[in-house]
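Enquirer: Got a sequence here, can you model it:
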Amino acid sequence: MTLSKRLQAVADQIPPSATYADIGCDHGYLPIALVLSGTVEHAIAMDLRTGPLERAREHVAENGLEDKIELRLSDGADALKPEDHVDTITVTGMGGRLLLRIMERGAGIFLSARDIFVSPQSDIPLVRRKVLETGYEIVDETMVEDAGKYYVILHLQPADPVAPVPDLSKAELHYGACLRYKKDPVLYEYLLAEQKQTMKICETLEGSTTKAAQAAYKRAKEKLNMIENALQEQKI
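Expert: From the prediction side, this is the model:
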């Protein structure tokens, strides 16, 4: 089973798991790869849409894994039950706000898992803030470039309920405290790309006279300053 760079980056982080659940499994490639590699003993692959779930069923059968991978039609984590004893969960390939809604509605399941790996495709600063506020710890982060796009993978674990919620800076919410601390090389590439794009926006808006354009220029300059500070930090 050959995975995309993005999914392979997720697969590389999954610890040995007795029962693993993939929420939004699409065609089932990730759970199939994890079972074939021996990382996962039993997988529950779930999707809201019948079409992708049927494709996943076909792929599971092609690999002879019907006794190892269970498929469920599910809206988020709704089809997961406490008696499933899921120790590892992945949620990838969806927007950040949808991801947060899924985690909020399935909080009992998520907070009873050992490891959660999420890869939001939007609203990443919001996701970082909300997971910290709702009982999770960001254990690690990974960034990967795949087909010209950059993806962040957050490794979460249930936090100590009496531990204070980390107060991340705006830059840490945008670029990840873990990624910045370990000077992730892909983060550096991403920052360079963001710097180039933001500089173009500043050049376009500079000298604008409308209030809306002036406000946009100010926001772009603030973002550019944050990017340049983060880049300087990565060089140290």
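
Enquirer: Doesn't S208 belong to a strand?
Expert: No - read with DSSP: H, G, I helix; E, B strand; the rest coil, S208 is coil and lies in no strand.

Enquirer: The chain should start at 16 in everything you say after this.
Expert: Got it, the first residue is 16 from now on, which makes the last one we talked about S223.

Enquirer: neighbours of it, just the number please.
Expert: 13 (other Cβ atoms under 10 Å). Bear in mind the C-beta positions are built from the backbone N, C-alpha and C, glycine included.

Enquirer: show me what contacts it?
Expert: For S223, the contact set (Cβ atoms under 8 Å, 6 or more residues apart in numbering) comprises Q229, A231, Y232.

Enquirer: Against Y232, how distant is the residue in the chain sticking out farthest from the centre?
Expert: When each C-alpha in the chain is compared with the mean C-alpha position (Cα atoms, centre = their mean), T224 comes out farthest, at 39.3 Å. From T224 over to Y232 the distance is 11 Å, taken as Cβ to Cβ, to the nearest Å.

Enquirer: next one: D90
Expert: From D90 to Y232 the distance is 42 Å (Cβ to Cβ).

Enquirer: same thing with A186?
Expert: Applying Cβ to Cβ, the value for A186 to Y232 is 20 Å.

Enquirer: Please apply the same query to V154.
Expert: Using Cβ to Cβ, V154 is found at 38 Å from Y232.

Enquirer: neighbour count winner among the two?
Expert: Ranked by neighbour count (other Cβ under 10 Å), V154 and Y232 place Y232 first, with 18 against 15.

Enquirer: got the contact list for the more buried one?
Expert: Taking Cβ under 8 Å, 6+ apart, one finds C217, L220, E221, S223 in contact with Y232.

Enquirer: and with 10 Å instead?
Expert: I216, C217, E218, T219, L220, E221, G222, S223 (Cβ atoms under 10 Å, 6 or more residues apart in numbering).

Enquirer: Can you name the residues that contact the fourth one?
Expert: Under the criterion of Cβ under 10 Å, 6+ apart, the neighbours of T219 are A228, A231, Y232, A235.
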